[in-house]
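S.K.: the sequence and its predicted three-dimensional model are supplied below.
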Amino acid sequence: MMSAGPESPPSAPPGTLSEAGRALLRQAAEEAGVALSDSQQEAFAQLYRRLLAGSAQMNLTALHDERDIVLKHFVDSLGCLAAGDWPAGASVLDLGTGAGFPALPLAIVRPQLRITALDATAKKVAFVARTAEELGLPVTGLAGRAEEIGRDPEHRGRYDVVVTRAVAALPVLAELALPLLKLGGTLVAQKAQLSQEEREAGLRAAAQVGGELASEWSGSLPVLSDPRSLIVLRKVAQTPETYPRRTGIPNKRPLG
Ligand SMILES: C[S@@+](CC[C@H](N)C(=O)[O-])C[C@H]1O[C@@H](n2cnc3c(N)ncnc32)[C@H](O)[C@@H]1O
């Protein structure tokens with residue numbers, strides 16, 4: 001058997017974020033405007049290990065390559081900060097968190113937020129809650145459909161911010177998220193690309209549920225340069241009691 005030459009970098013044990021992966025994370029996060037401390041880098045390395053271990057047991061994410069996970073999950077999740085920063089203690093709900101994106105990366109870099117990670121799939125929520133506990137992150141898991149959570153007095157009108165990435169078209173997101181926000185709160189929707197048609201339908205839908213356009217941003221994912229956009233809706237009026245409609249209807253018959 002041939003031994004590795006003196007120039008070969010030592011290979012990391014499986015599930016460990018390699019030195020190259022750590023360097024990529026630091027560089028890409030910095031490009032996204034976030035300078036990671038050593039302890040935050042370590043938290044991402046632990047998140048990486050837990051994500052790979054969790055993926056071996058259940059269908060958590062379609063991404064398995066280190067570079068993809070670093071750029072398309074970790075760094076992309078930080079893109080929601082382009083909408084602006086939130087004060088310490090702000091309540092943030094991640095609608096459709098999946099394996100914890102953007103909730104977990106956001107909690108690593110903004111540990112003073114109070115984050116609720118909502119998903120319809122209970123086992124994904126259990127993974128996110130367990131991971132957050134192990135990493136000491138301020139994330140609470142919440143299993144359920146946004147259509148039902150948005151009618152629950154414990155959650156309706158309770159959040160300063162709703163963030164969401166890769167979940168639904170903007171008209172659907174407006175109907176699901178606006179009921180959950182306090183007056184003056186904001187929905188930050190992370191999109192790969194937002195067509196003019198989706199944007200306009202989203203703004204018409206927002207008007208029906210008490211929202212209006214607050215700001216928008218378009219740019220690209222660090223290193224890969226894939227297009228990315230953010231659209232921020234502000235809640236300016238109470239959402240009529242009829243919204244959100246029952247499960248499945250917002251998708252089947254979108255507002256707008
Ligand atoms: C494509 S995944 C995206 C996950 C994560 N946000 C990310 O960016 O990796 C969409 C997630 O949204 C959840 N979801 C879709 N509609 C939902 C709803 N109405 N209420 C709660 N969760 C929902 C799904 O269960 C799924 O986990």
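M.R.: Great, that's in hand.
S.K.: do I have it right that Pro244 meets Leu176?
M.R.: Yes: using CB atoms under 8 Å, Pro244 makes contact with Leu176 at a distance of 5.5 Å. Just so you know, the C-beta spots here come from the backbone N, C-alpha and C atoms, and that holds for glycine as well.
S.K.: now do Ala4, the pLDDT please.
M.R.: Taken from the predicted model, the pLDDT recorded for Ala4 is 46.
S.K.: same deal with the one 3 residues further on?
M.R.: Here, the pLDDT recorded for Glu7 equals 57.
S.K.: then the one 5 residues further on?
M.R.: In the prediction, the pLDDT value recorded for Ala12 is 63.
S.K.: next, count neighbours for Cys128.
M.R.: Residue 128: Val, not Cys. In terms of burial, Val128 registers 31 neighbours under the definition other CB atoms under 10 Å.
S.K.: tell me how far it lies from the ligand.
M.R.: Per CB to the nearest ligand atom, to the nearest Å, Val128 is found 10 Å from the ligand.
S.K.: give me the element that residue is part of.
M.R.: helix 122-135 (DSSP states H and E).
S.K.: and that helix, which residues are buried?
M.R.: When neighbours are counted by 16 or more other CB atoms under 10 Å, the buried residues of helix 122-135 are found to be Lys124, Val125, Phe127, Val128, Ala129, Thr131, Ala132, Leu135.
S.K.: who touches both of Pro244 and Leu176?
M.R.: Common contact partners of Pro244 and Leu176 (CB atoms under 8 Å, 6 or more residues apart in numbering): Ala146, Glu147, Gly150, Pro250.
S.K.: hang on, the third one packs against Leu176?
M.R.: In other words, Gly150. Yes: using CB under 8 Å, Gly150 makes contact with Leu176 at a distance of 6.3 Å.
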